[in-house]
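1. give the three-dimensional model of this entry:
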Amino acid sequence: MQFAQGQQFATRLGLLLCEHPFETAFGVQCEVTGKKHPDNDGSGGTEVMSWPPWHKTKAMEKAGVDKAIVVPLGPEDHYVSELQEEYPGKFAVVGIYDSNSVNPVENLDRRIKNSNIQGIRVGFVDQEAGVNDDPEKYELFPLFQAMAERGLKVWFYAEPAQVEMFDRVLERLPNLVAVFNHCGFMVSLDNLSIDQHARPHFDVPIPPPTLDLLERVGEKLNTYVHFSGQYAFSHEPYPHQDMAPVAQRLYKIFGPERMLWASDFPWILEVPGYEEQLNLVDIMLPDLSKKELNLIKGGNAELLFNF
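-> Numbers count the residues shown, from 1 in each chain. I've put the predicted structure just below:
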């Protein structure tokens with residue numbers, strides 16, 4: 001089976017990454033401020049405000065992180081091709097779903113060509129349908145089908161009802177790779193606030209009751225989870241010890257072969273710090289072998305993405 005072979009390779013590859021962790025960097029916008037770029041539908045241009053690339057690369061270098069997966073904050077992602085040209089072999093790109101696109105599949109192909117995206121971050125499956133409706137009738141099923149055919153990954157971050165629908169999509173599309181963001185939390189904007197460090201925070205119970213749903217979805221070997229965003233859910237300061245049981249449950253569900261550390265840059269750049277965020281893997285999962293830690297910190301990311 002394809003995924004079983006991939007997992008065996010991940011274990012071997014992890015041994016080679018002891019000094020070179022990767023990162024699935026979340027929410028990054030590495031762009032030279034003030035440039036205009038054409039929108040993905042080919043019309044007009046959008047002024048992109050951003051973090052200069054050296055902010056990201058300097059933080060990575062200090063923490064010993066060699067490569068990152070960049071997720072722009074909006075669907076206008078042409079500029080990331082410039083980032084990849086300036087830093088060859090350092091960044092892979094996951095785009096954001098473009099809700100304004102008339103034809104999502106054509107939009108996908110255009111962005112693959114122009115921005116070299118290898119995935120799309122999505123926050124819903126269908127905003128009108130029900131969980132028990134035919135999955136192939138869901139609004140985004142054609143997009144998911146196209147992504148499976150092209151080998152793109154779905155970055156998924158949504159409320160529980162949408163996760164249940166997405167689970168049914170994954171049953172129909174067993175080759176579609178899905179990465180559940182931010183420790184698999186399923187949150188609503190109704191619970192969103194801003195903390196004292198100007199970072200997003202969600203008022204949710206720890207551990208979240210939705211972990212049972214995530215466990216059911218996580219039985220599929222084409223599913224992965226981000227080890228990230230602890231600050232956004234924790235009720236305690238760094239190192240967020242109330243999140244340790246969540247980390248251990250994720251390890252039980254996905255194992256080291258299907259977990260990917262992520263920084264959630266730039267939110268963590270000042271507090272707790274980039275390197276401190278990386279250290280949470282060791283703090284919350286203290287009994288892992290070096291091989292397992294290397295898989296979570298980078299081996300799995302290198303298997304999933306081309307840099």
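
2. give me the below-cutoff pLDDT ranges for the stretch 51-200 of the chain.
-> Filtered on pLDDT under 70, the stretch 51-200 of the chain yields the residue ranges 51-55.

3. could you redo the last one with a cut-off of 90?
-> Within the stretch 51-200 of the chain, the ranges that satisfy pLDDT under 90 run 51-66, 70-87, 187-189.

4. all helices for it, in order.
-> Secondary structure of the stretch 51-200 of the chain (DSSP state H, counting those that start in this stretch): helices at 53-63, 80-86, 104-115, 141-150, 160-172.

5. could those helices go into JSON lines alongside mean neighbour count and distance to residue 266?
-> In short, each C-beta sits where N, CA and C put it, glycine included. Converted to JSON lines, the helices of the stretch 51-200 of the chain look like this (neighbours: other CB atoms under 10 Å; distance: least, CB to CB, whole Å):
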{"stretch": "helix 53-63", "mean neighbour count": "18", "distance to residue 266": "7"}
{"stretch": "helix 80-86", "mean neighbour count": "17", "distance to residue 266": "15"}
{"stretch": "helix 104-115", "mean neighbour count": "18", "distance to residue 266": "20"}
{"stretch": "helix 141-150", "mean neighbour count": "18", "distance to residue 266": "27"}
{"stretch": "helix 160-172", "mean neighbour count": "19", "distance to residue 266": "27"}
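
6. who wins for proximity to residue 193 among these?
-> Minimum separation from residue 193 across these (CB to CB) falls at helix 160-172, 20.2 Å.

7. distance between the closest one and the chain's centre?
-> 17 Å (CA atoms, centre = their mean, to the nearest Å).

8. got it, and stretch 137-147?
-> For stretch 137-147, the distance to the chain centre is 19 Å (CA atoms, centre = their mean).

9. what does that stretch contact?
-> 97, 104-105, 108-109, 119-120, 122, 124-129, 135, 153-154, 165, 169, 172-173, 176 (CB atoms under 8 Å, 6 or more residues apart in numbering).

10. could you rerun that using 10 Å?
-> 97, 101, 103-109, 112, 118-120, 122, 124-129, 134-136, 152-154, 162, 165-166, 168-170, 172-173, 175-178 (CB atoms under 10 Å, 6 or more residues apart in numbering).

11. nothing else from me, thank you.
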